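Asker: Turn this into a structure:
(2 chains)
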There are 2 protein chains.
Amino acid sequence: MTTEEHVLEKLELWRRKPPKFRDERITMAHGAGGKATQMLVEGLLAPALGLTELADAAVVEDLALTTDSFVVKPIRFPGGSIGELSVNGTVNDLAVSGARPLALTLSLVLEEGLGADDLRAEVEAIAAAAAAAGVSVVGGDTKVVERGRCDSMYICTTGLGRIDGRAKLSPTALRPGDRILVSGSIGEHGMAIMLARGEFELAAEVLSDTQPLWPAVDALLEAVGPSLRCVRDATRGGIASVLNELARTSGVSVVVREADVPVKPAVVGACEILGIDPMYVANEGRLVAFVAPEAADAAFAALAAAPGCEGASEIGVVRADPPGLVLVETAFGGRRVMDMLVGDPLPRIC
Amino acid sequence: MTTEEHVLEKLELWRRKPPKFRDERITMAHGAGGKATQMLVEGLLAPALGLTELADAAVVEDLALTTDSFVVKPIRFPGGSIGELSVNGTVNDLAVSGARPLALTLSLVLEEGLGADDLRAEVEAIAAAAAAAGVSVVGGDTKVVERGRCDSMYICTTGLGRIDGRAKLSPTALRPGDRILVSGSIGEHGMAIMLARGEFELAAEVLSDTQPLWPAVDALLEAVGPSLRCVRDATRGGIASVLNELARTSGVSVVVREADVPVKPAVVGACEILGIDPMYVANEGRLVAFVAPEAADAAFAALAAAPGCEGASEIGVVRADPPGLVLVETAFGGRRVMDMLVGDPLPRIC
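Answerer: Prediction:
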């Protein structure tokens, strides 16, 4: 068997078995957005709670509802902060579900001893990000826990949106021939966080890409309507995880042309030194869009004209075979399998 | 000046000034639901975020949206656990806003090293409580933080409900003559948590009152419709805080007959030993309802027949003067002012 056939066989076996959660304790990997997270969610949470669809936002009648806790460390980093991130992350989950953001709620867990100025700065960041995204904060809650039972502050943001009628986005809608767009250069948010932690002696300056994505989704919907198949924001686990999840859910193959994936030189450099593939690094303001072939050019033009999406690129295509796999065509003409993230290279990046 | 006149004058001065948040650091009191929480919310969060109404749930079109983080310690206690509490607390915020609960989302912050069995038990408690409350869990999120950056687990629950058309509940709707009902004996949840912590050498067995309140609100709406003025669940800060908030918001006086407030003997005993007034102790399955006088008897009959509300009681009446004050008529015929909770006798009870 070739390596690829071997991987395929293993994946096939694994897909046939419903995942089980067998770990005895929670580890950091369960929060990293890769395979361990998937086992926890699909093996324990979803069956126990009766969750059938695991999308970025749940749909209730014509409404979309999404929730996320933000535990990013440090709370301020080049290009953003936990407050801004908590708004953008949530409005983006609505946006990529094809829902126009309507309202947000906010729940704060504060650590005893947190400086009032730090809190004030984040509340102001939340207000500014909400205004920029065009949503209202309509309610909230505040809890305080003892020193050492939190890490400055955690923020849980929940977003309510209205499903837009111009397309029916679905993770099962990918078809062979669909073309794949990304809204800008990848890996900046995760790398900005890693560098901000100062664990590595790297002088590179990388700013988080955090930004609201509804304007980009709105532009895509306006330009191509139902030819837009599916949109995802590439957060924890990076674009590799998004592409793997969708290849699996739609039962198709995804082929990515490595040379067409935009990555800024500072991110390439830092990833090389750290031995990380930027495809697995988190983004907080980048989307991946799948578009029917005949509409791809119009979609690309609309996307590239949306605010903050000047760096958009067409990065690949959907194929029929091998179903469930993501393949990368390297700049040298080779092909390799790009699997889901395993383990936890970047904990607490959002 | 009598003591009462003195208090009134101080309150009046305080009311005229918009509250300002002047503390330099967050303390446990900011999370306790009393005056410090109010200063944080009204002095910093609400103005910065443009929140105009501070209700249990926000209203967006005909929908109600509410969010709460649960950080209760310990996570399991006599009569309930954090999972059950996170569902009931949220559906109750919808219920007392006059909204029928439709759906919940769930965001978990887990501590590295948490036992899988503890997580499994809480997920099952969430599923059972959601089923009992008649709502679906439609989505969620999971984050993991390092050991010592959380306390087993925190749960943020957000509830979506539809406003029921049978009444227009409002905290400004109280009118002189309105009668005040409570759905059962008070102080059990907070006392159960205190005793479960084992900080006091008390052998009393007190079970948390955690339960969903929509059936009780539904029964009240069905029985008296628009004669139901306002409903609140008496969580952090107890019924004293709810009554104070509503007296202030409606510009009325609330008179409570102490002898008519149901308190179980074990709670009375524990409160006496600890020097705590049960009026300030948290409940998680008790509501306070304000009803127009002509409908009060019908409302009481409907409430007392609702599940878990056998211990309902009529505890007082709304008066015009002195506006903004809550007065307690003691069993001995005296009267005293019952102010808002100051400080933090019971941190992390929800």
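Asker: Average pLDDT for stretch A:339-350, rounded please.
Answerer: Mean pLDDT, computed over stretch A:339-350, is 76.
Asker: and residue A:84, what does it touch?
Answerer: Residues in contact with residue A:84, defined by Cβ atoms under 8 Å, 6 or more residues apart in numbering or on different chains, are A:125, A:126, A:128, A:129, A:210. C-beta coordinates here come from the backbone N, C-alpha and C atoms, glycine included.
Asker: Mind checking what secondary structure the last one has?
Answerer: Classification of residue A:210 into helix, strand or coil gives coil, according to DSSP: H, G, I helix; E, B strand; the rest coil.
Asker: Around it, how many other residues sit close by?
Answerer: For residue A:210, the count of nearby residues is 26 (other Cβ atoms under 10 Å in any protein chain shown).
Asker: And the second one, by the same measure?
Answerer: The tally of other residues near residue A:126 (other Cβ under 10 Å) stands at 27.
Asker: Name the residues that touch stretch A:288-300?
Answerer: Stretch A:288-300 has contacts (Cβ under 8 Å, 6+ apart) with A:173-175, A:177-183, A:220, A:223-224, A:227-234, A:239, A:242-243, A:246, A:303, A:312, A:314, A:318.
Asker: same deal with stretch A:117-124?
Answerer: Contact with stretch A:117-124 is made by A:75-76, A:81-83, A:110, A:152-153, A:155, B:26, B:44-45, B:48-49, as judged by Cβ under 8 Å, 6+ apart.
Asker: Tell me how far that stretch lies from the chain's centre.
Answerer: Here stretch A:117-124 is found 25 Å from its chain centre; the criterion is Cα atoms, centre = their mean, to the nearest Å.
Asker: Would you mind listing the buried residues in that stretch?
Answerer: Within stretch A:117-124, the residues that qualify as buried are A:118, A:119, A:121, A:122, A:123, A:124, counting by 16 or more other Cβ atoms under 10 Å in any protein chain shown.
Asker: got it, and stretch A:198-208?
Answerer: For stretch A:198-208, a neighbour-count test (16+ other Cβ under 10 Å) marks A:202, A:204, A:206, A:208 as buried.
Asker: about what we covered before: quick check: PyMOL command selecting the buried ones in the contacts of stretch A:288-300.
Answerer: The PyMOL command for the buried members of those (criterion: 16+ other Cβ under 10 Å) is given here:
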select buried, chain A and resi 173+174+178+179+180+181+182+183+220+223+224+227+228+229+230+231+232+233+234+239+242+243+246+303+312+314+318
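Asker: just to confirm, which helix or strand has whichever residue of the stretch 51-200 of chain A sits closest to chain B in it?
Answerer: The nearest approach of the stretch 51-200 of chain A to chain B comes at residue A:144, 2.9 Å away (Cβ to the nearest Cβ). Residue A:144 belongs to strand A:136-145 when assigned by DSSP states H and E.
Asker: Tell me the spacing between the nearest residue to residue A:173 once chain neighbours are set aside and chain B.
Answerer: Excluding its sequence neighbours, the residue lying closest to residue A:173 (Cβ to Cβ, 6 or more residues apart in numbering or on different chains) is residue A:229, at 4.1 Å. Distance, residue A:229 to chain B, by Cβ to the nearest Cβ, to the nearest Å: 21 Å.
Asker: Give the rounded mean pLDDT of the helix or strand residue A:229 falls within.
Answerer: In this structure, residue A:229 sits in strand A:228-233 according to DSSP H and E. Per-region confidence: strand A:228-233 scores 97 on mean pLDDT.
Asker: How far off centre is the helix or strand following it?
Answerer: Counting by DSSP H and E, the element after strand A:228-233 in chain order, helix or strand, is helix A:238-250. Relative to its parent chain, helix A:238-250 has a centroid offset of 11 Å by Cα atoms, centre = their mean.
Asker: Extract the C-alpha set from helix A:238-250 and format it as CSV.
Answerer: Taking C-alpha atoms only, helix A:238-250 is exported to CSV below (Å, rounded to 0.1, in the frame of the first residue of the first chain):
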residue,chain,number,x,y,z
GLY,A,238,-6.6,26.6,11.0
ILE,A,239,-7.8,26.1,7.4
ALA,A,240,-6.5,22.5,7.5
SER,A,241,-9.2,21.6,10.1
VAL,A,242,-12.0,23.4,8.3
LEU,A,243,-11.1,21.7,5.0
ASN,A,244,-10.9,18.3,6.6
GLU,A,245,-14.2,18.7,8.4
LEU,A,246,-16.0,19.8,5.2
ALA,A,247,-14.3,17.1,3.0
ARG,A,248,-15.6,14.5,5.5
THR,A,249,-19.1,16.0,5.9
SER,A,250,-19.7,16.4,2.2
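Asker: Kindly calculate the angle that it makes with strand A:228-233.
Answerer: In terms of direction (axes from the mean of the first three to the mean of the last three Cα atoms, to 10 degrees), helix A:238-250 departs from strand A:228-233 by 140 degrees.
Asker: and residue A:316, what are its phi and psi?
Answerer: With angles defined as degrees, to the nearest 10, residue A:316 sits at phi 170, psi -170.
Asker: Span of stretch A:284-300 from start to end?
Answerer: One end of stretch A:284-300 sits 20 Å from the other (Cα to Cα, to the nearest Å).
Asker: can you map out the helices along the stretch 201-350 of chain A?
Answerer: Secondary structure of the stretch 201-350 of chain A (DSSP state H, counting those that start in this stretch): helices at A:214-224, A:238-250, A:265-274, A:296-304.
Asker: The longest one and chain B, any residue contact?
Answerer: No. On the criterion Cβ under 8 Å from any Cβ of the partner chain, helix A:238-250 is out of touch with chain B, staying 14.6 Å away.
Asker: what's that helix packed up against?
Answerer: Helix A:238-250 sits against strand A:228-233, strand A:253-257, strand A:287-291, strand A:326-329, with contacts defined as 3 or more Cβ pairs under 8 Å, 6 or more residues apart in numbering or on different chains; DSSP states H and E.
Asker: can you redo those as JSON lines with distance to residue B:297?
Answerer: As requested, the helices and strands packed on helix A:238-250 are exported to JSON lines (distance: least, Cβ to Cβ, whole Å):
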{"stretch": "strand A:228-233", "distance to residue B:297": "56"}
{"stretch": "strand A:253-257", "distance to residue B:297": "67"}
{"stretch": "strand A:287-291", "distance to residue B:297": "59"}
{"stretch": "strand A:326-329", "distance to residue B:297": "68"}
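Asker: Now do the helices in the stretch 1-150 of chain A.
Answerer: With DSSP H, counting those that start in this stretch as the criterion, the stretch 1-150 of chain A has helices spanning A:3-16, A:35-40, A:46-49, A:82-96, A:116-133.
Asker: which other residues reach the third one?
Answerer: Under the criterion Cβ under 8 Å, 6+ apart, residues A:52, A:54, B:106, B:120, B:123, B:124, B:126, B:127, B:130, B:137, B:140 lie in contact with helix A:46-49.
Asker: looking at the sheet around the last one, what are its partners?
Answerer: To tie it back to what came earlier, the one meant is residue B:140. Note on residue B:140: beta-bridge partners by DSSP bridges are residue B:106.
Asker: who's in contact with it?
Answerer: So residue B:140 contacts A:45, A:49, A:51, A:67, B:105, B:106, B:107, B:108 (Cβ under 8 Å, 6+ apart).
Asker: Local confidence estimate at residue A:32?
Answerer: Listed pLDDT for residue A:32 reads 77.
Asker: burial of the nearest residue to residue A:268 once chain neighbours are set aside, as a residue count?
Answerer: Nearest non-adjacent residue to residue A:268, counting by Cβ to Cβ, 6+ apart: residue A:278, 6.9 Å away. When neighbours are counted by other Cβ under 10 Å, residue A:278 registers 24.
Asker: which residues sit in contact with residue A:278?
Answerer: With contact set as Cβ under 8 Å, 6+ apart, residue A:278 has these partners: A:186, A:187, A:191, A:238, A:261, A:263, A:267, A:268, A:271.
Asker: Since that was my last question, I'll sign off now.
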